[in-house]
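Colleague: one predicted model, sequence on top.
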Amino acid sequence: MTIRFRLLSALIFSAFFFCSTSLYAAAKKEESPITVEANHMTSVEKESSVIFTGDVDARQANVRIRTDKMIVYYTQKAKEEAQAEAKQKVEKMVCNGNVQITRDDWLGTSKDMVYLSAERQFILIGDAKAWQGKNMVSGDKIIYYIDEGRSEVVAAPAGAKNGKGKDQGRVKMTIIQE
């Protein structure tokens, strides 16, 4: 691997986690060390992306994302500026397969996940579930609006089936009263 490739990859990781931790945490956590592990990594300069596959495990502070595949897209302009300023601008992040996101006692799971930087949205897609302590909400899709501090849970279209052939149904919430 060339030094330029390693630097570019490290910068992409940093930018991604600066964006993703803002979903959850205070600014001080953005300075925390970042660790990304996977079985394989490919940088695709033409598409301005980095692809991680195989047991992907990304961590920063108390935020952890696990998935089968993670693709980080960055802006072309940012790529050129990064070479001079050592910064990257993440445009979008896509996770596919067995997505798990944890932070403290919060857990989110889904088949896929998309993070949209410009819209500042974090979207769990396909059998999406989120737990806060013992409380749980589920639906086909969970959209978290970062700047507004709100989330929306969306049911699957009428007649949609899950992987077991059962109706996906409606949005569900379980609240444990103590």
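Modeller: That came in fine, so what should we check first?

Colleague: low-confidence bits of the chain, can you list those?
Modeller: 1-34, 77-89, 161-168 (pLDDT under 70).

Colleague: which phi and psi does residue 132 have?
Modeller: Here the main-chain torsion angles of residue 132 (degrees, to the nearest 10) amount to phi -120, psi 110.

Colleague: hmm, residue 108 and it touching each other?
Modeller: No: between residue 132 and residue 108 there is no contact under C-beta atoms under 8 Å: 9.8 Å. Any C-beta I mention is one placed from the backbone N, CA and C, and that applies to glycine too.

Colleague: more crowded one of those two?
Modeller: residue 108 (22 against 13; other C-beta atoms under 10 Å).

Colleague: how about the strand ranked longest in the chain: buried residues?
Modeller: The longest strand of the chain (DSSP state E) is strand 90-103. By neighbour count with 16 or more other C-beta atoms under 10 Å, strand 90-103 contains the buried residues 90, 91, 92, 93, 94, 95, 96, 99, 101, 102, 103.

Colleague: in space, what's closest to the third one - neighbours in sequence excluded?
Modeller: Closest residue in space to residue 92, ignoring its immediate chain neighbours: residue 73 at 4.5 Å, by C-beta to C-beta, 6 or more residues apart in numbering.

Colleague: what packs against the longest strand of the chain?
Modeller: helix 3-21, strand 63-74, strand 106-116 (3 or more C-beta pairs under 8 Å, 6 or more residues apart in numbering; DSSP states H and E).

Colleague: paired strands for that strand, with orientation please.
Modeller: Strand pairing for strand 90-103, determined by DSSP bridges: strand 63-74 (antiparallel), strand 106-116 (antiparallel).

Colleague: can I get those in a markdown table including distance to residue 159?
Modeller: Below are the strands paired with strand 90-103 laid out as a markdown table (distance: least, C-beta to C-beta, whole Å):
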| stretch | distance to residue 159 |
| --- | --- |
| strand 63-74 | 28 |
| strand 106-116 | 19 |
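
Colleague: could you point out which of these sits nearest residue 43?
Modeller: With distances scored as C-beta to C-beta, the stretch of the strands paired with strand 90-103 nearest to residue 43 is strand 63-74 (9.8 Å).
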